[in-house]
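1. model this:
(chains A and B)
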Amino acid sequence: MFLPIYIENSEIIDDAIYTFYKSPASYTGEDIIEISCHGNPVIVGSVLDRLCHYGARVALPGEYTKRAFINGKMDLIQAESVGLLVSAKSKDAAKQQSKNLSGALSRSVSKIRDDLLYCLSTLEYEFDVSENNSTVDVFLNNSLKLINNNIILVRDLLGSYVRGKAYQQGIRVVICGQTNAGKSTLMNALLGSSRSITSEIAGTTRDTITSDLVVGGVPITLVDTAGLRDPETPIEEDGVARAWKEIHRSGLIISVYSSDTQRIDYNNDAACLYVYNKVDVEHPRSEDKDALPVSALCGTGIANLWKKIENTVLSLSYTGSDVLVNTARQKESLRLCLDSMVHTKTYLENGSHELELAAFELGSAISNLDSFLGKITSQDVLDRVFANFCVGK
Amino acid sequence: MKHKRTWDVIIVGGGHAGIEGALISSFLGVNVLIITMDRSALGRMSCNPAIGGLAKGQMVREIDVLGGAMARFADFAGIQFKVLNKTKGRAVWSPRAQVDKRVYENRVLGAVSKSKVSVLSGEVVSIDINEYRVSGVVLRSGQFIKTKTVIITSGTFLKGVIHIGERKVLAGRMGEERSEGLTESLVSLGFRSGRLKTGTPPRLKKGSINWKKTSLAYGDKNPVPFSYYSNEFNPPNEPCHTIKTNPDVHDIISDNVGRSPLFSGDIGGKGPRYCPSIEDKVHRFSDRKSHGLFLEPEWKNSDQIYLNGFSTSLPEDVQLSALRRIPGLESVEFFRPGYAIEYDYFPPSQLKASLESKDISGLFFAGQMNGTSGYEEAAAQGLLCGINAVSVIQNADPLVLSRSSSYIGVMVDDLITKDTLEPYRMFTSRAEYRLMLRFSNTSDRLYETSLDRCLLPKTMLLKLKKVLGAKEEILQGLDFSVKPDEILSDTPMKQPLPAKELVKRPGVSLFDLPKRFLKRALDFPGWLGEDLLFDVESSVKYHGYIKRHLKDIEKMKKNEMLTVSDIVDYRSIPGLSKEAVEKLSSVRPETLGQAMRISGITPADASVLLINILK
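-> Down below sits the predicted model:
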């Protein structure tokens, strides 16, 4: 529909397109009217004012998605994915979120849940129906196999949390080294622009300087830091402290040194690439052969360094599973689920006399997956028992 | 019999629910009248000759501690006792007894006639209401009887239809009149009703079975009774006999499945999935070549044999020709064929957690009319109705059993919140706090309730208190140390350790400890001493898990305290899904906890509801 918008005094402020989405075929599942007006902030502001005057209010952050969730239009994972999609930093991350949105993550977890539910319903069949012991051993064997397989799957998914975090929040690639190693020159060479101020004076860079970019589909933040030496001024002292902070939160360290500066080993959890700078001044010695020869000033070896960075970043964000666990909530649910599965395994290995405890742990593993998926269940187990077994004497 | 007086409690029906309701309310000091269509059928076991079983056994002992009679009746009439699931973890151990139906029924009659309960033959056709309160019942004869409360336990009698193949018989049980009119009376009061069905297997003539071709199954050598009343316990141990179906049998059933009203669509009501007919089993599990069947004597030296596992509504000639293909049954003959029965029930979401109607004060429903199946489920509801009818009369708070207190609590909560899609049967998997709901700790769980409400005679309350005291003492004693050379288990030990730590280890039993730790149990009859020692051991072994259960229970408690029964119009709550509005309006839950457990209510609905209560 194409209609004018009026403000006070029946004055026409804009012509707009009205789109009506009838419940439940809308995003939130409710009746929705979408007004597309011209983007001038004054116009938009007047339209909003007018609407609020008639009793509307501005949506709270995430309210549309919350309503969609409440009205059953999406499950919790999908809702979370919408949030992450909006704030995703790279195209691949966005792709990953739309994959989760379409339910790939929910499906993987649902499959694990199905297996656990199968084990539990077999177990409940033993408790509630079967009155002989001959079926117990078969159950123990089959269930152990299933549990073991799924323990591997859950571990895999948990591993993907790191990768998921990389996609979502990016990897910090930190250039560091002694003063005058040529870190800022390297930063500029990598970026192909004069992002950092460079000079021959040691200690030129006092603050950390960052730049966001995407490498191999993974968002990274390239960080230039102050050179590490005993600081001469309070400002430099601050800069050095910041540099160390960056080093500690980095995912990849680019340790830069040259013939006139020392190489530093950071003994950090992060991955590390050694860069021997200033090859134009002096060739690397034999003990430098694990370092990449580069001349930041002339651009020698920069393409090669980029390739190395890309490979490392990709390996940092690679896991076997093709879906990603994104949020701390998801990770925590999976971790609790894994604990319960490991306990279940122990009880099953001990034979039949503690089967009720195996059932307890299986139940709690499933309920953790349910909270992962944002749903609860009650009848599921019994329904499975009835669906799969010949129940009744 | 003149009925000018006003009764305190009228019980409609004399089955397992009716009997418990009558005996407990009479014990609690009010005057009680049972109205039954056939007074000789009081306490009749219309189906299998057994009490207890998986998850049901636990419930029978709960009935015992809450002042019910079923456990004592079963201990008296049992001819074989067996604890099921003995190898699968102590929380799921479930006692079962084969019983002598005749002895059982006689024992029930004896108990009723010894009590102050009055019995009247008649058929109640309507309930009289005044200002949303029960005021009386009307019999088919036109007689009006005044009463303060009514407990309806109509079983399968309301508009009962028996199906045997194409044959239909209007009856409440084979050979017994059905009841008509009461459904219409209740529907006119605003109740919703529905149809359910259940079945029973054929009864065989003992002399027509070749017993040599069957296998024997005995009960436990050291039997455990249901009731804490029982002292020294030496019941008989009569064997059951088992046989198996084979592909020939299945072929005959498959060929004739069209003649089963279940399959031809003649039966509208839904049947229980856990107690499927033989035609159901053959049809759904066509890959199974054989199903086990049990030949159970209906009473000691009975000529009548109950064929457990062969519930059916096939025509009689098909039943016979199929069974005659089984070795041992080549020339079998029937006392009566198996049949299916359809009957009216009332979706129990119309009741409060006390089993009283949400709309009509003083009106209670129990047993199969609430869509349950099984003697034990019925008895437990009857008992609760009896206790709460007295609460209504005395203007006291109703007794509501929580899901963490008992299987009975789980059952009632399920009944009032979940859709009844089939007759409800108790399973241990229905109980989320299963590890706490053990057969052996029934006294611990329900003693306080029993004491508060004076549900048991003083001597029994004292006995239970003594049991609990002994358990506590034994448990505390486990803080003392055991020396390495004292322990009977081969668990590795270098220095003295507290007994409790040792018992926590897998493979170490309380019974491996030196005698001084266990001697307190000797004050009790043999079975009870052992029972309480096992339970102390369980509570030590389960300690960590029970702590987790308790944490969950604490979390849920808040929801159980938040009342939502005053919400008049769920449509006025923004954000509730259409389905939720529908469900909540139809069930009208009493608490947020109940609301959350209603089938179809999502966590999102629950949080919307919570936000609105707190507003």
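
2. the closest residue in space to B:Pro337 that isn't next to it in sequence - how many residues pack around it?
-> Excluding the flanking residues, the one nearest B:Pro337 by C-beta to C-beta, 6 or more residues apart in numbering or on different chains is B:Glu316, at 4.2 Å. (Glycine included, C-beta is placed from N, CA and C.) Residues near B:Glu316, counting by other C-beta atoms under 10 Å in any protein chain shown, number 17.

3. same deal with B:Lys557?
-> With other C-beta under 10 Å as criterion, B:Lys557 counts 12.

4. what of A:Phe2?
-> 8.

5. ok, and the closest non-adjacent residue to it?
-> Nearest one to A:Phe2, counting by C-beta to C-beta, 6+ apart, is A:Ile17 at 5.7 Å.

6. that's a strand at the one you found, yeah?
-> Yes. Using DSSP: H, G, I helix; E, B strand; the rest coil, the assignment for A:Ile17 is a strand.

7. verify the stated contact: it with A:Ser36.
-> Yes. A:Ile17 is within contact range of A:Ser36, at 4.4 Å (criterion: C-beta atoms under 8 Å).

8. list residues touching both of these two?
-> The contact sets of A:Ile17 and A:Ser36 do not overlap (C-beta atoms under 8 Å, 6 or more residues apart in numbering or on different chains).

9. and stretch B:300-307, which residues are buried?
-> Within stretch B:300-307, the residues that qualify as buried are B:Ser302, B:Gln304, B:Ile305, B:Tyr306, B:Leu307, counting by 16 or more other C-beta atoms under 10 Å in any protein chain shown.

10. spit out the contact partners of B:Lys159.
-> B:Arg178, B:Ser179, B:Glu180, B:Thr183, B:Tyr343, B:Asp344.

11. repeat for B:Lys541
-> Applying C-beta under 8 Å, 6+ apart, the residues contacting B:Lys541 are B:Val503, B:Lys504.

12. next up, phi/psi of it, please.
-> In terms of degrees, to the nearest 10, the main-chain angles of B:Lys541 are phi -70, psi -30.

13. distance of A:Ala303 relative to A:Ile309?
-> Noted for A:Ala303: a distance of 11 Å to A:Ile309, by C-beta to C-beta, to the nearest Å.

14. in terms of neighbours, single out the busier of those two.
-> Just comparing A:Ala303 and A:Ile309: by other C-beta under 10 Å the higher neighbour count belongs to A:Ile309, 22 against 9.

15. does that one touch A:Val173 like I think?
-> Yes. Between A:Ile309 and A:Val173 there is a contact under C-beta under 8 Å: 6.4 Å.

16. got any residues that touch both of those two?
-> With C-beta under 8 Å, 6+ apart as the test, A:Ile309 and A:Val173 both reach A:Ile220, A:Leu252, A:Ile254.

17. just those residues: which are in strands?
-> If you go by DSSP state E, the shared contacts of A:Ile309 and A:Val173 have A:Ile220, A:Leu252, A:Ile254 in strands.

18. where exactly do the strands run in chain A?
-> Using DSSP E, strands in chain A cover A:2-7, A:11-21, A:32-36, A:171-177, A:209-215, A:218-224, A:252-257, A:271-276, A:292-293.

19. helices or strands next to the lengthiest helix in chain A in the packing?
-> Secondary structure of chain A read by DSSP state H shows that its longest helix is helix A:134-169. Applying 3 or more C-beta pairs under 8 Å, 6 or more residues apart in numbering or on different chains; DSSP states H and E, we find helix A:134-169 packed against helix A:91-101, helix A:104-128, strand A:218-224, helix A:302-316, helix A:328-349.

20. closest to chain B out of the ones you listed?
-> Closest to chain B of those is helix A:104-128 (C-beta to the nearest C-beta; 4.2 Å).

21. list phi and psi for B:Arg192.
-> phi -90, psi 140.

22. residues in contact with it?
-> Counting by C-beta under 8 Å, 6+ apart, B:Arg192 has contacts B:Phe346, B:Pro347, B:Gln350.

23. pick the one among the residues you listed closest to chain A.
-> For the contacts of B:Arg192, the nearest to chain A is B:Pro347 (16.2 Å; C-beta to the nearest C-beta).

24. tell me how many other residues surround the closest one.
-> Neighbours of B:Pro347 (other C-beta under 10 Å): 19.

25. now A:Leu120
-> For A:Leu120, using other C-beta under 10 Å, the count is 24.

26. sorry, back to before: give me the subset of the buried residues of stretch B:300-307 lying in strands.
-> Reading strands off these with DSSP E, I get B:Gln304, B:Ile305, B:Tyr306, B:Leu307.

27. what's the closest non-adjacent residue to the second one?
-> Take B:Ile305 and drop its neighbours on the chain: the residue closest to it by C-beta to C-beta, 6+ apart is B:Leu204, 4.3 Å away.

28. and B:Leu497, backbone torsions?
-> phi -140, psi 150.

29. was I right about it contacting B:Ser481?
-> Yes. The pair B:Leu497 / B:Ser481 is scored as a contact, 6.1 Å apart, by C-beta under 8 Å.

30. find the nearest non-adjacent residue to A:Tyr21, please.
-> A:Ile32 (4.3 Å).

31. low-scoring pLDDT stretches of the stretch 501-615 of chain B, where are they?
-> B:603-604, B:611, B:614-615 (pLDDT under 70).

32. close to chain A: what parts of it are there?
-> Contact residues, the stretch 501-615 of chain B versus chain A (C-beta under 8 Å from any C-beta of the partner chain): B:506, B:542, B:545, B:548, B:575, B:577, B:597, B:599, B:602-605, B:608.

33. can you name the residues that contact the residue nearest to B:Asp64 when sequence neighbours are not counted?
-> Closest residue to B:Asp64 apart from its sequence neighbours, by C-beta to C-beta, 6+ apart: B:Ala71 at 3.6 Å. By C-beta under 8 Å, 6+ apart, B:Ala71 lies in contact with B:Val60, B:Arg61, B:Ile63, B:Asp64, B:Pro225, B:Phe226, B:Ser227, B:Tyr229.

34. the fifth one touches B:Trp527, doesn't it?
-> In this case it means B:Pro225. Yes. Between B:Pro225 and B:Trp527 a contact is recorded at 6.6 Å, counting by C-beta under 8 Å.

35. more neighbours: which of those two?
-> Each of B:Pro225 and B:Trp527 has its neighbours counted (other C-beta under 10 Å); B:Pro225 has more, 26 against 16.

36. let me see the contact set for residue 173.
-> All of this is about chain A. A:Ile220, A:Thr221, A:Leu222, A:Val223, A:Ser250, A:Gly251, A:Leu252, A:Ile254, A:Ile309, A:Val313.

37. wrong one, chain B
-> Contacts of B:Arg173 (C-beta under 8 Å, 6+ apart): B:Arg44, B:Ser46, B:Gly155, B:Thr156, B:Phe157, B:Gly160, B:Ile341.

38. and the last one, that's in a strand?
-> Which is B:Ile341. Yes. According to three-state DSSP, B:Ile341 belongs to a strand.
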